[in-house]
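Visitor: okay, here's the prediction I keep looking at, along with the sequence it came from:
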2 protein chains.
Amino acid sequence: MSIVVSLVGATGAVGAQFLKILEQRKFPMRKLRLYATKRSAGSKIRFRGEDLTVEDTDPAKAFLGADIVFVSATTAASADYCPAAARVGAVAIDDSSAFRLDPKVPLVVPEINANDLQWHKGIVSTPNCTTVPLAMVLHALRQASPIRRVVVDTYQAVSGTGSAAVRELTDQTRAALAGGKIEKSVYPHQIAFNLIPQVDTFREDGYTKEEWKMQEETRRILGLSGLLFSATCVRVPVYQAHSMAVHIDFERPVEPKQARVLLSEMPGVKLVDNPEKSLYPLPIQAADTDDVLVGRIRKDTSNPTGLVLWLSADNLRKGAALNAVQIAEELVRRNLLGKR
Amino acid sequence: MSIVVSLVGATGAVGAQFLKILEQRKFPMRKLRLYATKRSAGSKIRFRGEDLTVEDTDPAKAFLGADIVFVSATTAASADYCPAAARVGAVAIDDSSAFRLDPKVPLVVPEINANDLQWHKGIVSTPNCTTVPLAMVLHALRQASPIRRVVVDTYQAVSGTGSAAVRELTDQTRAALAGGKIEKSVYPHQIAFNLIPQVDTFREDGYTKEEWKMQEETRRILGLSGLLFSATCVRVPVYQAHSMAVHIDFERPVEPKQARVLLSEMPGVKLVDNPEKSLYPLPIQAADTDDVLVGRIRKDTSNPTGLVLWLSADNLRKGAALNAVQIAEELVRRNLLGKR
């Protein structure tokens, strides 16, 4: 219990989940230090019955003496902070895309590849919020047959963009219901009662960075560099929890029954698959919970060796803060923290 | 201009679009007669500057003297009304699923298979609101190469369920914003700020009827009985216009450039495909318009002979009322109305 933790980005949407999860899981730490941008510095956050003061993230001070630094910031800030934290002997667990494809930095979903933590050099990446639940489901199912191809379309919640996007959905929804003017500041288009088939910016090949990241990160976590992959990522007017329709082509036929057994045995995955009773994953049920909910498992009518399924998972928890805390727990359990 | 038209279901969400479209397109008719269920009988609807009275749908009277009967009712009601209309010499244009897979009834999207109208026997079916835009896009693209397989995930608006669902989305959204109790009557789950991966009821194979109809109707309209097909249909908190992520496997490679040319030449389709400027189809832009909006056209990174795209189309117009009126226009143009 001598562990000191610094949390960078404590006042954001993911930061709030970090605080909840560290408290809920009784993370074994002696001290928690909170950091954010200058704008939020000085504000107080209640944690385990104490009022903690949020400080401005000064890399020269914020990481000194810390064993673990959770970084939930912009990619540019992470690129600075993580090496700075590693240099002073902490392990940075980063939730940005800064290091996710860096071969010197492990990209970890503990239920899949916790062993990759062994070779960390002071930085560990936690994957994109769309990648985590998808990779978990694919990992469970590849026990039945190698996977050849994955086609996935996402239905992503606004909290993945941050707190400002959450407010924008609320404000626009109120304005739309009142017949008022729709103000836009976060998204290029209205999100209330609408869909935006763009998450992150576009690449030359017509895919968004989000779609490309999902592909590259999934390949990396599963160790399947040749996995055929195509995604369409869509923002939907939902607050919390991302959902996906997933189409998987296996090398050999996999029965839905077998898939259900494998998925129900996978830690962190919960089967919600009883169509007769209208039971299937819903984002409002996945929100604020830890499990990846999976259902609507059926044969792919377009491919004799394919399966189709639907999943929902909390983008702020298993898609971000929870996965990062689980990484920290594994680092503690395996005695892989830095030697300050 | 001696044509008499009966509209059954005049007071519903699709009925309202029928009235708009008949007026906008100056449909060449002498008289329009409006019908609905007993509950709505007696109400007045303004059309071309006149107040028309809605009557109770009595099959013995409603179709007598009509040349065209638009039926926008339940499947059970359509199963009754359409043969009754045909018996008295009218042509019934039906928007339910009652006859869509009946080999004796043409299932028509005029831009694709208007010729099938030639063998009608008094009933013509207009396809499901998800099928119409998808079939139009596939029809345009098969000029480049035969299509082997289609994987599609939908994002469907609540107006596809009817006016009560539109009210339910509004009421639940208000309640959610106010922190009040969410009342459900139309959908099995909350739809406000949520997703429901169920449209219509479930079949034994785990697909919903909506997903199965999409497959069977698309095959029928395109005349491709062996088309490999798999869909996941999802209800989203959007009022009007259905959207879809579509993954198409061709027999030969098709370049996005070639696809854009073919789609821009297809009547009823409009290209909205400029990612650099964040231009792509949005349901709020497709709503109340006639065209199927198509964009985000790109190579399928999971298949060298595949393309991926995104579309939005008004489910009440091209997905229902507009397609039915276009069928009527073709029947008039080709002199294929019944001989009363």
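Guide: All right, it came through fine.
Visitor: which residues of the stretch 51-200 of chain A lie near chain B?
Guide: On the criterion C-beta under 8 Å from any C-beta of the partner chain, chain B has as its neighbours in the stretch 51-200 of chain A the residues A:149-151, A:153, A:155, A:169-170, A:173-174, A:177, A:188-190, A:193-198. No exception for glycine: its C-beta is placed from N, CA and C like everyone else's.
Visitor: if you set the cut-off to 6 Å instead, what comes out?
Guide: With C-beta under 6 Å from any C-beta of the partner chain as the criterion, the stretch 51-200 of chain A comes near chain B at residues A:149, A:151, A:153, A:155, A:188-189, A:193-195, A:197.
Visitor: and those residues, which of them are in strands?
Guide: Judged by DSSP state E, strands contain the following of those: A:149, A:151, A:153, A:155.
Visitor: follow-up on the earlier one: filter the residues of the stretch 51-200 of chain A next to chain B down to the buried ones.
Guide: Applying 16 or more other C-beta atoms under 10 Å in any protein chain shown to those, the neighbour count classes A:149, A:151, A:153, A:155, A:189, A:193-195, A:197 as buried.
Visitor: turn those into CSV, including pLDDT.
Guide: Below are those laid out as CSV (pLDDT from 0 to 100):
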residue, pLDDT
A:R149, 98
A:V151, 98
A:D153, 98
A:Y155, 98
A:H189, 98
A:F193, 98
A:N194, 98
A:L195, 98
A:P197, 98
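Visitor: dump the residues you listed to a markdown table, plus distance to B:R30.
Guide: Shown next, in a markdown table, are these (distance: C-beta to C-beta, whole Å):
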| residue | distance to B:R30 |
| --- | --- |
| A:R149 | 57 |
| A:V151 | 52 |
| A:D153 | 48 |
| A:Y155 | 48 |
| A:H189 | 44 |
| A:F193 | 39 |
| A:N194 | 41 |
| A:L195 | 42 |
| A:P197 | 45 |
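Visitor: which one of the residues you listed is nearest B:S312?
Guide: The nearest member of those to B:S312, counting by C-beta to C-beta, is A:L195 at 7.8 Å.
Visitor: distance of the closest one from B:Y155?
Guide: Per C-beta to C-beta, to the nearest Å, A:L195 is found 5 Å from B:Y155.
Visitor: overlap in contacts, these two.
Guide: Common neighbours of A:L195 and B:Y155 (criterion: C-beta atoms under 6 Å, 6 or more residues apart in numbering or on different chains): B:S243.
Visitor: which one among the ones in strands among the residues of the stretch 51-200 of chain A next to chain B gets closest to chain B?
Guide: Each of these was checked against chain B using C-beta to the nearest C-beta; the closest is A:D153, at 4.0 Å.
Visitor: which residues touch the closest residue to chain B within the stretch 101-250 of chain A?
Guide: Minimum separation of the stretch 101-250 of chain A from chain B (C-beta to the nearest C-beta) falls at A:G206, amounting to 3.1 Å. For A:G206, the contact set (C-beta under 6 Å, 6+ apart) comprises B:R298.
Visitor: okay, it: pLDDT?
Guide: With respect to pLDDT, A:G206 has a value of 98.
Visitor: and the lowest-mean-pLDDT helix or strand in chain A, which residues are buried?
Guide: Here the helix or strand of chain A ranked lowest by mean pLDDT, DSSP states H and E is helix A:59-62, holding a mean of 85. Neighbour-count burial for helix A:59-62, counted by 16+ other C-beta under 10 Å, picks out A:59, A:62.
Visitor: contacting residues around it?
Guide: A:6, A:35, A:81, A:84.
Visitor: go again with 10 Å.
Guide: Contacts with helix A:59-62, where a contact means C-beta atoms under 10 Å, 6 or more residues apart in numbering or on different chains, come from A:6-8, A:33-35, A:55-56, A:69, A:77, A:80-85, A:87-88, A:90.
Visitor: restricted to strands, list these.
Guide: Those of these lying in strands (DSSP E): A:6-8, A:33-35, A:55-56, A:69.
Visitor: rebuild those residues as TSV, extending it with pLDDT.
Guide: Below are the ones in strands among the contacts of helix A:59-62 laid out as TSV (pLDDT from 0 to 100):
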residue	pLDDT
A:S6	97
A:L7	97
A:V8	97
A:R33	97
A:L34	97
A:Y35	96
A:E55	95
A:D56	95
A:V69	97
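Visitor: among these, the buried ones, what's the PyMOL command?
Guide: Applying 16+ other C-beta under 10 Å to the ones in strands among the contacts of helix A:59-62, the buried members can be selected in PyMOL as follows:
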select buried, chain A and resi 6+7+8+33+34+35+55+69
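Visitor: out of the ones in strands among the contacts of helix A:59-62, who's nearest B:D300?
Guide: The shortest gap between B:D300 and any of the ones in strands among the contacts of helix A:59-62 belongs to A:V8, at 38.5 Å (C-beta to C-beta).
Visitor: helices of chain A, start to end?
Guide: A:13-24, A:59-62, A:75-87, A:110-113, A:131-141, A:163-178, A:209-222, A:256-265, A:283-286, A:322-333 (DSSP state H).
Visitor: which one of these has the most crowded surroundings?
Guide: With neighbours defined as mean count of other C-beta atoms under 10 Å in any protein chain shown, those peak in mean count at helix A:131-141, which reaches a mean of 25.
Visitor: and the angle from that helix to helix A:322-333?
Guide: If you take axes from the mean of the first three to the mean of the last three C-alpha atoms, to 10 degrees, helix A:131-141 sits at 70 degrees to helix A:322-333.
Visitor: now helix A:131-141, how far from the centre of its chain.
Guide: 12 Å (C-alpha atoms, centre = their mean, to the nearest Å).
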